[in-house]
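Student: I'd like to go over a predicted model; first the sequence, then the structure.
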Amino acid sequence: MRHFILLSVIVALSACAETKPETASQATNDNLPEAVTTAAETTANTKSMNLAAVLAAQPEEVQARYVYRHPAETLAFFGIEPGMTVVEALPGGGWYSKLLLPYLGDDGALIGANYAHSMLKLFGFYSEERLKEMETWTSDWPTQAATWIPDNNTSITAFTFGNLPQTEAGSADAVLFVRALHNLARFRDEDDFLRTAITDAYKILKPGGVVGVVQHRMREEAPDAWAMGDRGYLKQSYVIEQMQQAGFVLEDSSELNANALDIPEDGDRVWRLPPTLSGSKDKPEVAAAMTAIGESNRMTLRFRKPTT
């Protein structure tokens, strides 16, 4: 299984390189001396192989998710490259962070962005002790993340949405919201946490910076009540509307993280599916049915902050 996934990752990376539209810089390379062109191609290939090596180095349980999460293709679609400064919303235990840190490299930076502390209280399942611990998350998480990759020197910092330091404005190349928007939307009656997070994303990005969104997707014809975030799902039209209201431009969308087998009905929550399989404990037939569906149907959207 591991070898099959590694082969798939390498093939996917090669496909991305082959199908990428020609840019002005690539057209210019056609007129460069052969040695210079070869050097440029070698650099580009090294970047791809570095990512392939990073993906191949992950534990088998992480690689098992590649078939659903397509990290190589997703990062390529968002244009993430070594040396970038990338903000990762809700980095948690670091599923994506552990891929980004070695890929961004010593010249790159990873900035974690967590939910506001006032929002964490609304979930209802955090103990007072845990909430107290989370008050120092912006210093604790970078310290923890620094231990994940041996000999890694990528800069690691953190902030909470609604408390973006002014000094960070215009510092990032990309912001990633990977399965993070639904919780920001679900508590809209208490506060507009989603608007605050998107506004912070706009502020921290450089002009021309990218926002990459991967989000559990509810089908458009379903009742709006099924897609308020509390079940994990949002409608793609709603996400696009929210981003555009903040000033972002929808640049492209992809179906690479789509799953046509995920067709939630009334009452279905995204966590019924792998890897959580909520509600199927001691119910092997239900767990098998959910496993057969796979991980959720997800939208993959790329937005751009205007340069002017």
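Tutor: The structure has been received and is ready for your questions.
Student: strands of the protein, start to end?
Tutor: Taking DSSP state E as the test, the strands found in the chain are 85-89, 109-114, 155-160, 172-178, 205-218, 234-235, 249-254, 298-304.
Student: would you turn those strands into JSON lines with mean neighbour count?
Tutor: Where C-beta positions appear, they are placed from N, C-alpha and C, glycine not excepted. Shown next, in JSON lines, are the strands of the chain (neighbours: other C-beta atoms under 10 Å):
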{"stretch": "strand 85-89", "mean neighbour count": "26"}
{"stretch": "strand 109-114", "mean neighbour count": "24"}
{"stretch": "strand 155-160", "mean neighbour count": "19"}
{"stretch": "strand 172-178", "mean neighbour count": "24"}
{"stretch": "strand 205-218", "mean neighbour count": "22"}
{"stretch": "strand 234-235", "mean neighbour count": "22"}
{"stretch": "strand 249-254", "mean neighbour count": "14"}
{"stretch": "strand 298-304", "mean neighbour count": "23"}
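Student: and Val62, which of those is closest to it?
Tutor: Proximity to Val62 (C-beta to C-beta) singles out strand 172-178 among those, at 14.2 Å.
Student: turn the strands of the chain into a markdown table, columns for distance to Thr74.
Tutor: Converted to a markdown table, those look like this (distance: least, C-beta to C-beta, whole Å):
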| stretch | distance to Thr74 |
| --- | --- |
| strand 85-89 | 13 |
| strand 109-114 | 16 |
| strand 155-160 | 21 |
| strand 172-178 | 8 |
| strand 205-218 | 6 |
| strand 234-235 | 18 |
| strand 249-254 | 8 |
| strand 298-304 | 6 |
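Student: what's the closest of those strands to Arg269?
Tutor: Among the strands of the chain, the nearest to Arg269 by C-beta to C-beta is strand 205-218 (9.8 Å).
Student: which helices and strands does that closest one pack with?
Tutor: helix 71-78, strand 172-178, helix 181-186, strand 234-235, helix 236-245, strand 298-304 (3 or more C-beta pairs under 8 Å, 6 or more residues apart in numbering; DSSP states H and E).
Student: partner strands of it, with direction?
Tutor: Sheet partners assigned to strand 205-218 using DSSP bridges are listed as strand 172-178 (parallel), strand 234-235 (parallel), strand 298-304 (antiparallel).
Student: export these to TSV and tack on distance to Ala222 and mean pLDDT?
Tutor: Shown next, in TSV, are the strands paired with strand 205-218 (distance: least, C-beta to C-beta, whole Å; pLDDT from 0 to 100):
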stretch	distance to Ala222	mean pLDDT
strand 172-178	21	98
strand 234-235	8	98
strand 298-304	14	98
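Student: out of the ones you listed, which is closest to Asn163?
Tutor: Closest to Asn163 of these, according to C-beta to C-beta: strand 172-178, at 15.6 Å.
Student: list of residues touching that closest one?
Tutor: For strand 172-178, the external contacting residues (C-beta atoms under 8 Å, 6 or more residues apart in numbering) are 78-80, 84-90, 96, 111, 113, 197, 201, 204-206, 209-215.
Student: and what of stretch 153-166?
Tutor: Residues outside stretch 153-166 that contact it (C-beta under 8 Å, 6+ apart): 85, 89, 101-102, 104-106, 108-117, 137-139, 141-142, 145-146, 168, 184, 193, 196-197, 200, 203-204.
Student: any idea how far that stretch is from the chain center?
Tutor: 16 Å (C-alpha atoms, centre = their mean, to the nearest Å).
Student: sorry, back to before: and the helices and strands packed on strand 205-218: which comes nearest Val270?
Tutor: When the helices and strands packed on strand 205-218 are compared by C-beta to C-beta, helix 181-186 sits nearest Val270, at 7.8 Å.
Student: so which elements touch that closest one?
Tutor: Secondary elements touching helix 181-186 (3+ C-beta pairs under 8 Å, 6+ apart): helix 193-204, strand 205-218, strand 234-235.
Student: one more time with 10 Å, if that's ok
Tutor: strand 85-89, helix 117-120, helix 193-204, strand 205-218, strand 234-235, helix 236-245 (3 or more C-beta pairs under 10 Å, 6 or more residues apart in numbering; DSSP states H and E).
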